[in-house]
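[1] Any chance you could fold what I've pasted below:
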Amino acid sequence: MSRAHLPYLAKAKINHFQPSVSPLLTCQMLAEDLTIDYDWLLPTFDLIAMDDAQIEQWVYDTVSTGVSSIRTQTDRYLIEHHGVEKVFTWLNAFVKPES
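    Take a look at the predicted model:
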């Protein structure tokens, strides 16, 4: 999907959109263009590549768009790349006040 498709979701009576990992969409685009609920994913491969500050910033930036829900995932890749602690950083960013 691309940004041009977004207005058609509500017209199709879709009430929630989950774009997965779309290279043509950003969370900000969804915030600006959708009138329906949507969520945003932090994929494992991105989570692994981020340091703690980047993970926290991702959470703050994403929450500030008005997203309906945010998620990440755990999988074999995460475990094999020692990313479990990064999931805790991601979770804790939701309760840590922004500096």
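
[2] Asp37 pairs with what?
    Beta-bridge partners of Asp37, counted by DSSP bridges, are His16.

[3] ok, it - contacts?
    Asn15, His16, Phe17, Ser68, Ser69 (C-beta atoms under 8 Å, 6 or more residues apart in numbering). (Each C-beta comes from the backbone N, C-alpha and C, glycine too.)

[4] how about a cut-off of 10 Å?
    Ile14, Asn15, His16, Phe17, Gln18, Leu30, Gly66, Val67, Ser68, Ser69 (C-beta atoms under 10 Å, 6 or more residues apart in numbering).

[5] OK, contacts around the residue nearest to the fourth one when sequence neighbours are not counted?
    The one in question is Phe17. Closest residue to Phe17 apart from its sequence neighbours, by C-beta to C-beta, 6 or more residues apart in numbering: Tyr38 at 4.4 Å. In this structure, Tyr38 makes contact with 6, 9, 16-19, 25, 27, 30-31, 65-69, judged by C-beta under 10 Å, 6+ apart.

[6] any idea how far Tyr38 is from Met29?
    10 Å (C-beta to C-beta, to the nearest Å).

[7] Need the overlap of contacts for the two.
    Leu6, Pro19, Thr65.

[8] which one of these has the most neighbours?
    Among those, Leu6 has the most neighbours (other C-beta atoms under 10 Å), with 20 neighbours.

[9] how about that residue, what does it touch?
    Phe17, Pro19, Leu25, Met29, Leu30, Glu32, Asp33, Leu34, Thr35, Ile36, Tyr38.

[10] run the last query once more with 6 Å
    Asp33, Leu34 (C-beta atoms under 6 Å, 6 or more residues apart in numbering).

[11] and what of Val67?
    Trp40.

[12] Helix, strand, or coil at it?
    coil (DSSP: H, G, I helix; E, B strand; the rest coil).

[13] Likewise for Thr74?
    Going by three-state DSSP: Thr74 is coil.

[14] Check what pLDDT it gets.
    pLDDT recorded at Thr74 is 90.

[15] Check the one 4 residues further on too.
    According to the per-residue confidence, Leu78 scores 92 in pLDDT.
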